[in-house]
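Asker: here's a sequence, model it:
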Amino acid sequence: MKVSANGVSVLSASIVVCGTGIAGLACALAFARRGQPVTLLGPKLQIAAADADLYHPRVYAISPASQKFLSQIGVWDMLPAGRLTAVQSMEIYGDGDGRLNLRAWQNAMPELAWIVEAGEIERVLIQAVQFIGLPWVNEKFVSYRPGSLTTASGTVIQADLVVAADGAQSPLRVAAGIPTEIRPYGATGLVAHFTCAKPHHGKALQWFRDDGVLALLPLPDTRAGHQVSMVWSMKEAQADALLAQDPAEQAALLSSMLAQASSGLLGTLTQCSPLHGFPLTLNQSSMIGDRLALLGDAAHRVHPLAGQGLNLGLGDVHSLVDIVTGREPFRPVGDPILLRRYQRSRAEPVMAMRLMTDGLHRLFDAKAAPVVWLRNIGMNLVEKLPFIKRQIISGASR
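Answerer: Okay, here's the model as predicted:
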């Protein structure tokens, strides 16, 4: 650090990662593991100690590709094994008689995904970052110009490359003047955990319904019994009415709705965590600016029906780190050519995920009788085609 003539503190860094959520922490750690000087900017998170019988409100389905990447940066084996659930299979139900079963062995894989709590991923990333002594400026960013960030205390951080990993609202993206296309889905993502009477056997369940998409994701058992996490993309008006109920009425109503929606496949479902809701939108912006790279929710946001949002963000991290660390020796880390390579490398996977999730949402949101018939016939047809199943599983594992 140096102090300028006017008394302003100035920091110089090769790479600054702005954002201290999962994507930002993983990006900073990955750069550090590859020998790149990197500084984190953002508040230091305080993760409460894990409770053996309670799970973090938000869980993620980590794909095999993301699991491999987290292993490469040295944090996967730090996750407590007793809080991980391997998803061996998935059953998907249409809004008619459509049904599709996907199993890991159909593509010669040990598991389709791992269900992991957001809090546990954050905890091990923070531990790893602190263990290697990575510089962390525990402040909020307040202003930006290319190659320079100013914090709330007035400290100026100069960098050759700035990475925006500060979430869907991304103050850094806004300050950089990068426009974002945002399309509300008119739906709310509802999440809560439940104790279920029947074991889930590592199976994820999903229903496409008139009132949205419901998923029940397997969690490890607790002393209370078998556990699942509910993610219900519910129509906004219906979700608002449910969220407005007092907790006792809300729990009773939600339990009744789940019993009907799930056809009792897991027996009685008893709510064991508060209900949380968040608006669903489709977001897309440019992934680069002047000496600036955007990743994760700061760059794109997709419908959660496929559970691929975090995997897409970790894919961004992996690609950016590979391109920057594999650059020609004469190029600086913020070279526009490198940034364009990064944007090109992510164009196809981001667009493919956007088209798939948005397309499925539109398909199952349509109410015309012929469309309802065709989509359920389509599910039943895919169920009989092993090659197509392998392609679906392979695509979801990236």
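
Asker: give the next helix or strand downstream of the helix or strand encompassing Val174.
Answerer: Using DSSP states H and E, Val174 falls within helix 171-175. Reading on from helix 171-175 to the C-terminus, the next helix or strand found by DSSP H and E is strand 180-196.

Asker: what helices or strands is that following strand leaning on?
Answerer: strand 212-222, strand 225-235, helix 236-243, strand 269-271, strand 276-285 (3 or more C-beta pairs under 8 Å, 6 or more residues apart in numbering; DSSP states H and E). Using the backbone N, CA and C atoms, a C-beta is placed for each residue, glycine as well.

Asker: mind redoing it with 7 Å?
Answerer: strand 225-235, helix 236-243, strand 269-271, strand 276-285 (3 or more C-beta pairs under 7 Å, 6 or more residues apart in numbering; DSSP states H and E).

Asker: adjacent strands (with direction) for it?
Answerer: strand 225-235 (antiparallel), strand 269-271 (antiparallel), strand 276-285 (antiparallel) (DSSP bridges).

Asker: just checking, what packs against whichever helix or strand comes after that strand?
Answerer: Counting by DSSP H and E, the next helix or strand C-terminal to strand 180-196 is strand 203-209. If you count contacts as 3+ C-beta pairs under 7 Å, 6+ apart, strand 203-209 packs onto strand 89-93, strand 212-222.

Asker: who are the packing partners of the helix holding Val174?
Answerer: strand 141-145.

Asker: try it again with 10 Å
Answerer: strand 9-18, strand 141-145, strand 148-151, strand 156-164, strand 292-294 (3 or more C-beta pairs under 10 Å, 6 or more residues apart in numbering; DSSP states H and E).

Asker: can you list the low-confidence ranges for the stretch 51-200 of the chain?
Answerer: Residue ranges of the stretch 51-200 of the chain with pLDDT under 70: none are present.

Asker: for the nearest residue to Gly289 once chain neighbours are set aside, give me its contacts.
Answerer: Among residues not flanking Gly289 along the chain, Ala176 sits closest, at 4.9 Å (C-beta to C-beta, 6 or more residues apart in numbering). Shown in contact with Ala176 (C-beta atoms under 10 Å, 6 or more residues apart in numbering): 144-146, 162, 164, 170, 285-286, 289-292, 294.

Asker: buried subset of those as a ChimeraX selection?
Answerer: In ChimeraX syntax, the buried subset of the contacts of Ala176 is picked out as below (16 or more other C-beta atoms under 10 Å):
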select :144,162,164,170,285,289,291,292,294
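
Asker: okay if I get the contacts of Ala176 as CSV plus distance to Ala368?
Answerer: Listed next are the contacts of Ala176 as CSV, based on distance: C-beta to C-beta, whole Å:
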residue, distance to Ala368
Tyr144, 47
Arg145, 51
Pro146, 50
Val162, 48
Ala164, 41
Ser170, 38
Ser285, 33
Ser286, 36
Gly289, 42
Asp290, 47
Arg291, 49
Leu292, 44
Leu294, 38
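
Asker: for the contacts of Ala176, which one is nearest Phe330?
Answerer: Arg291 (16.7 Å; C-beta to C-beta).

Asker: gap between the closest one and Ser14?
Answerer: In this view, Arg291 and Ser14 are 11 Å apart by C-beta to C-beta, to the nearest Å.

Asker: need the overlap of contacts for the two.
Answerer: With C-beta under 10 Å, 6+ apart as the test, Arg291 and Ser14 both reach 159-161, 332-334.

Asker: among those, which two are most distant?
Answerer: Every pair of those checked by C-beta to C-beta; the farthest is Ala159 and Pro332, at 10.6 Å.

Asker: out of the strands paired with strand 180-196, nearest to Cys27?
Answerer: Here strand 276-285 is closest among those (C-beta to C-beta), at 17.3 Å.

Asker: hmm, which of the shared contacts of Arg291 and Ser14 are the buried ones?
Answerer: For these, buried by 16+ other C-beta under 10 Å: 159-161, 333-334.

Asker: closest one of those residues to Leu205?
Answerer: Leu161 (42.6 Å).

Asker: now do the contacts for the closest one.
Answerer: Per C-beta under 10 Å, 6+ apart, neighbours of Leu161: 13-17, 31, 36, 38, 147, 291-293, 320, 324, 332-335, 338-339.

Asker: okay, and the beta partners of it?
Answerer: Here Leu161, judged by DSSP bridges, has bridge partners Ile15.

Asker: now stretch 50-67: buried residues?
Answerer: 55-57, 59-64, 66-67.
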